[in-house]
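Trainee: Pasting the sequence and the predicted model now:
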Amino acid sequence: MCTCITYENGDFYFGRNLDLEYSFGERVVITPRNYPLTFKKEAAMDCHYSMIGMASVMGGYPMYAEAVNEKGLGMAGLNFPGNAFYPLEGKKKYQVTPYEVIPWILGCCATVREARMYLEQADLVGIPFAADVPLAPLHFMLADKTGALVAEPVEEGLKLYENPFGVLTNNPPFPFHLMNMQQYLNLTAKAPENRFGEGTDMKPFGQGMGAVGLPGDASPASRFVRAAFVKWNSRARREEKANVSQFFHILDSVAMVRGMVLTEEGREDITTYSCCVNARTGVYYFKTYDNHRIQAVDMRAEDMDGSGLLAYELPLEEDIQYRLKQGGRTEDA
Ligand SMILES: C[C@H](CCC(=O)NCCS(=O)(=O)O)[C@H]1CC[C@H]2[C@@H]3[C@H](O)C[C@@H]4C[C@H](O)CC[C@]4(C)[C@H]3C[C@H](O)[C@]12C
């Protein structure tokens, strides 16, 4: 399962947890402006906006799970099994495959508004990258600092929804999550009031009791509600490090700890990585399940006019900072 969120606090951030029981060969990948992007049915783009995100590079193609472009538009793919539907032939003007749609949109759109115009005229067609690379059943969240959009390829076509929460998880389709949120209108970060009336002398006996009923499990609907609640109530200093830290804290509130979620085959679903991109500066921050240190790749520090993909390996183990007593002695308090 996955959770994607946006966050605005002075600057605008886009990121996600990627929850999966296997690795898909992920690396942080920058696609610079002059890297030729090809598409099965659409014209190639020799020159486009540069983008940074997590991808598996297959046969030289950046297969992004999510990315943000130099204009501050972000897009992420999240699992949508049983609901994602890709016709073999599209009826609309543009036909793109699910693995192409992130580079296709981010390559040529600067805003959600522009992306919507393209997506309204597009069908996601069921052409796999290669015979041995199956299609991924996905839905997508796109966002810039003005708002967020959900794109769901279902049997009736590619459905687009405004997303007022700036949150997306997995099944069922987005209208369910919009409706489901209405069940949680009572949640508050404040201390709850006794609404049972006079004579019932009741007071909250601990902090956090205004949100009793906030779902704590890892199901998609519960993660949606929890991410929306935590994000909505979030407070942080309007400063880069505080925002990045806060963003990861929000993602941590919906992360999967090894063992708490097992797939039908008994495999462990874990939050393999979490990322947070400053959409204005193009800095991609990330941490992995096995390395909690926040790492960063700055797209603008690289040659954005380049013509070759740049890939950064993920760290494999914790990088613990051991502290030494000063002078080898413990100071008396
Ligand atoms: C599994 C990932 C989504 C994580 C998620 O939502 N999990 C939820 C699990 S569940 O609903 O609860 O079952 C998706 C997101 C992007 C996907 C990848 C990208 O689409 C790029 C290529 C596309 C190829 O067709 C398949 C490999 C792949 C490299 C995909 C593997 C996998 O399906 C990814 C990594």
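Mentor: Sure thing, it's come through. Numbering: from 1, shown residues only.

Trainee: Please count neighbours and contacts with C-alpha atoms only from this point.
Mentor: Fine.

Trainee: Residue numbers of this protein in contact with the ligand?
Mentor: 1-2, 18-20, 24, 56, 63-65, 77-80, 99, 128, 133-136, 170 (CA under 6 Å from any ligand atom).

Trainee: what residue ranges in the protein are flagged as low confidence?
Mentor: Applying pLDDT under 70 to the chain flags residues 1, 327-333.

Trainee: Going along the chain, name the helices of it.
Mentor: Along the chain, the segments classed as helices by DSSP state H run 101-108, 112-120, 174-181, 220-232, 240-252.

Trainee: what comes into contact with the third one?
Mentor: By that I understand helix 174-181. For helix 174-181, contacts defined as CA atoms under 8 Å, 6 or more residues apart in numbering pick out 150, 161, 221, 224-225.

Trainee: Show the buried residues in those.
Mentor: Among the contacts of helix 174-181, those scoring as buried are 150, 221, 224-225 (criterion: 16 or more other CA atoms under 10 Å).

Trainee: For the ligand, state which of the residues you listed is nearest.
Mentor: The ligand lies nearest to Ala221 out of the buried ones among the contacts of helix 174-181, by CA to the nearest ligand atom, at 10.6 Å.

Trainee: Quick one: residues contacting that closest one.
Mentor: Contacts here follow CA under 8 Å, 6+ apart; on that basis Ala221 touches 169-172, 177, 180.

Trainee: same question, Asp303
Mentor: Residues near Asp303 by CA under 8 Å, 6+ apart: Pro32.

Trainee: and the gap between it and Met181?
Mentor: Distance, Asp303 to Met181, by CA to CA, to the nearest Å: 43 Å.

Trainee: got it, and Gly82?
Mentor: Computed as CA to CA, the Gly82 to Met181 distance reads 22 Å.

Trainee: Equivalent analysis for Ala242, please.
Mentor: Separation of Ala242 from Met181 (CA to CA): 28 Å.

Trainee: next one: Met63
Mentor: Plainly put, Met63 is 32 Å away from Met181 if you go by CA to CA.

Trainee: higher neighbour count, these two?
Mentor: Between Met63 and Met181, counted using other CA atoms under 10 Å, the more crowded position is Met63 (23 against 17).

Trainee: List the residues that contact the residue lying closest to Ser56 once chain neighbours are set aside.
Mentor: Leaving aside its chain neighbours, Ser56 sits nearest to Glu26 (4.7 Å; criterion: CA to CA, 6 or more residues apart in numbering). Contacts for Glu26 (CA under 8 Å, 6+ apart) come out as 54-57, 313-314.

Trainee: Spatially, which two of those residues are the most separated?
Mentor: Spatial extent of the contacts of Glu26 (CA to CA) is set by the pair Val57 and Leu314 at 13.7 Å.

Trainee: highest average neighbour count across the helices of the chain?
Mentor: Mean neighbours per residue, mean count of other CA atoms under 10 Å, is largest over the helices of the chain for helix 101-108, with a mean of 24.

Trainee: and that one, what does it pack onto?
Mentor: Using 3 or more CA pairs under 8 Å, 6 or more residues apart in numbering; DSSP states H and E, the elements in contact with helix 101-108 are strand 61-69, strand 74-79.

Trainee: Contacts only, for Ile52.
Mentor: 28-31, 67-69, 282, 284, 299.

Trainee: Repeat the analysis, applying 6 Å as the threshold.
Mentor: 29-30, 67-68 (CA atoms under 6 Å, 6 or more residues apart in numbering).

Trainee: what's the answer for Gly107, then?
Mentor: By CA under 6 Å, 6+ apart, Gly107 lies in contact with 48-49.

Trainee: how far away is it from Phe80?
Mentor: For Gly107, the distance to Phe80 - CA to CA - is 24 Å.

Trainee: Over to Gly126?
Mentor: When Gly126 is compared with Phe80 (using CA to CA), they lie 15 Å apart.

Trainee: same question, Val68
Mentor: Counting by CA to CA, the gap from Val68 to Phe80 is 21 Å.

Trainee: Lys93 now?
Mentor: 24 Å.

Trainee: So which of those two has more stuff around it?
Mentor: Taking other CA under 10 Å, Lys93 and Phe80 do not tie; Phe80 has more neighbours (22 against 12).

Trainee: That one - nearest residue in space that isn't next to it in sequence?
Mentor: In space, and not counting its chain neighbours, Phe80 is closest to Leu138: 4.7 Å by CA to CA, 6+ apart.

Trainee: list the contacts for Glu77?
Mentor: If you look again at residue 77, you'll see it is Gly, not Glu. By CA under 6 Å, 6+ apart, the contact list for Gly77 reads 65, 138-140.
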